[in-house]
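> Test case, fold it:
(one chain, ligands or ions: 1)
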Amino acid sequence: MMRDPGVVHEYLRVFSLPDQNGQTTLQPEQKTRCDLLRIGEEEYCRYINEFWTARQRQASRLHEISYRACFKPQLPRFFISLLTMPGDIVYDPFTGRGTTPIEAALLGRRVIANDINPLSRILTEPRLHLPAYDDIRARLYAIPDNPEAAGEIDLSMFYHPDTLRSLCSIRAYLLKQEKRGVTDETDAWIRMVATNRLSGHSPGFFSVYTLPPNQAVTPERQVIINRDRNQTPPYRDVRAIILKKSRSLLQGLEQKQRENLSRAKESSLFLTRDARHTPEIPDNTVSLTVTSPPFLDIVQYATDNWLRCWFNGLDAEEIGKGITTTRKLADWEAVMGDVFMELFRITRPGGYVAFEVGEVRNGSIRLDEHVIPLGIRAGFVCIAVIINQQNFTKTANIWGVNNMAVGTNTNRIVLFHKQSDGL
Ligand SMILES: C[S@@+](CC[C@H](N)C(=O)[O-])C[C@H]1O[C@@H](n2cnc3c(N)ncnc32)[C@H](O)[C@@H]1O
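Numbering: from 1, shown residues only. Presented below is the predicted three-dimensional model:
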């Protein structure tokens, strides 16, 4: 059963839904503000409110894997609870760290996840199949430190020699398991957590102080950081750090959520493709897509990811070539236009697409307004533009030209619908 767009409008305006399973129960402090957005001859409803807030149920700690330009779990949760029922298929063509599929799985939905960057799958899939903490511990301590183990590059500016030895031993073990095709859920979990702890600015990471884990600097740059900060890499216990982070990720999961995750895992589909071409996904099957595409010219994934790629035996340069990094709006629109065609093919009649666009170039380009014609051209109906603005009452001039210049916590989502006769 899919929600009718009329009900969705009603909900966005007054937060009232007929009582049924899967409903979102927000108690917003302020009334939704609505206006009409004119594009050419057409007008679209635009809703603004604090649709998901800190007062909502806390997001699961299972999401706490850092990734460039990720969104908060509350964003997919809002659309998943509003627009789908347990068992429905939820998809993200630009999965990143997996916020959409993990939240969908926690809520008992089936999931399809795609991202051109293979790190996305490495960071997402293990969280659907949770190993027991004791198994992680036993596995970690069963991998001996090999005095011979070393990476093929000099990483001494990031790691203490003993830390590097442990790290390289674990890496060599994981790569060997992968090569033999025997990586199990415990190995995959360790690989995910280690990938996430490679570098950062606190003792919770393996490295000396450096940039956050999703923005690794070059070895040359790290040498300069070390000199400026007068630091040498301290010893860090790799296994203890992996265990501490594992405990934190697994903390607070309810039995029902664990069951939902493993059920989602059984039917899950993970793809490492360009989002424009996903032939493994059958026509008319996806109930809801919640996604946030690569934006214009902000993220250099290949350089950001080199350390994570090294650990996983991946070629960062090669991966970087597949990632959409467009500087010109027209090029971005051409890629996204094709993505919408593919989304239309796979969306089931009555299904939805929630397409989040960030604020680029200080708000001088409103990508949401550029996205609407792309979705319509593919066959969708545009239901609304939804702006989640935290503390919007404190923000002046919200509707004017400056409405994106303030309030960094703004999300702009274009909601599309495939009509039931949209085949
Ligand atoms: C803004 S991030 C998505 C973040 C995600 N919402 C999360 O919460 O982590 C965009 C993602 O798109 C991926 N990507 C870039 N170009 C792509 C393409 N042509 N096809 C599929 N994925 C692509 C990048 O690897 C990146 O992970």
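
> any idea how far residue 248 is from residue 384?
Distance, residue 384 to residue 248, using CB to CB, to the nearest Å: 37 Å. For every residue, glycine as well, the C-beta is placed using N, CA and C.

> between these two, who's got more neighbours?
Taking residue 384 and residue 248 together and counting by other CB atoms under 10 Å, residue 384 has the greater number of neighbours (21 against 14).

> What are the neighbouring residues in contact with the more buried one?
Contact partners of residue 384, counting by CB atoms under 8 Å, 6 or more residues apart in numbering, are 8-9, 12, 44-47, 414-415.

> What of residue 169?
143-146, 149.

> can we see that at 6 Å?
Residue 169 makes contact with 145-146, 149, according to CB atoms under 6 Å, 6 or more residues apart in numbering.

> With residue 219 instead?
Residue 219 touches residue 157, counting by CB under 6 Å, 6+ apart.

> Tell me, how many residues neighbour the residue in the chain that the ligand sits nearest to?
Nearest to the ligand, among the residues of the chain, is residue 96, at 2.4 Å (CB to the nearest ligand atom). When counting by other CB under 10 Å, one arrives at 24 neighbours for residue 96.

> Ok, residue 32 next?
When neighbours are counted by other CB under 10 Å, residue 32 registers 17.

> likewise residue 100?
Applying other CB under 10 Å, I find that residue 100 has 33 neighbouring residues.

> Give me the spatial nearest neighbour of it, chain neighbours excluded.
residue 92 (3.8 Å; CB to CB, 6 or more residues apart in numbering).

> before we move on, the earlier item: I figured the residue of the chain closest to the ligand was touching residue 71, is that so?
No - contact status for residue 96 versus residue 71: not in contact, 8.3 Å apart, counting by CB atoms under 6 Å.

> returning to what we had before: give me the pLDDT for the residue of the chain closest to the ligand.
If you check residue 96, the pLDDT there is 95.

> So what's the predicted local confidence for residue 396?
Taking residue 396 on its own, its pLDDT is 41.

> next one: the one 5 residues further on
Confidence per residue is given as pLDDT, and for residue 401 that number is 34.

> and if you look at residue 4?
Residue 4 carries a pLDDT value of 89.

> This structure: strands as residue ranges?
With DSSP state E as the criterion, the chain has strands at 33-39, 42-49, 89-92, 110-114, 269-271, 286-291, 347-357, 381-388, 411-417.

> Contact residues of the stretch 251-400 of the chain facing the ligand?
Applying CB under 6 Å from any ligand atom, we find that the stretch 251-400 of the chain lies next to the ligand at 274-275, 292, 294, 301, 323-324.

> Show me the two of these that sit farthest apart.
Distance extremes for these: the farthest pair is 274 and 292 at 16.4 Å, using CB to CB.

> in the chain, which helix or strand is least confident?
Across the helices and strands of the chain, mean pLDDT, DSSP states H and E gives its lowest value to helix 301-304, namely a mean of 72.
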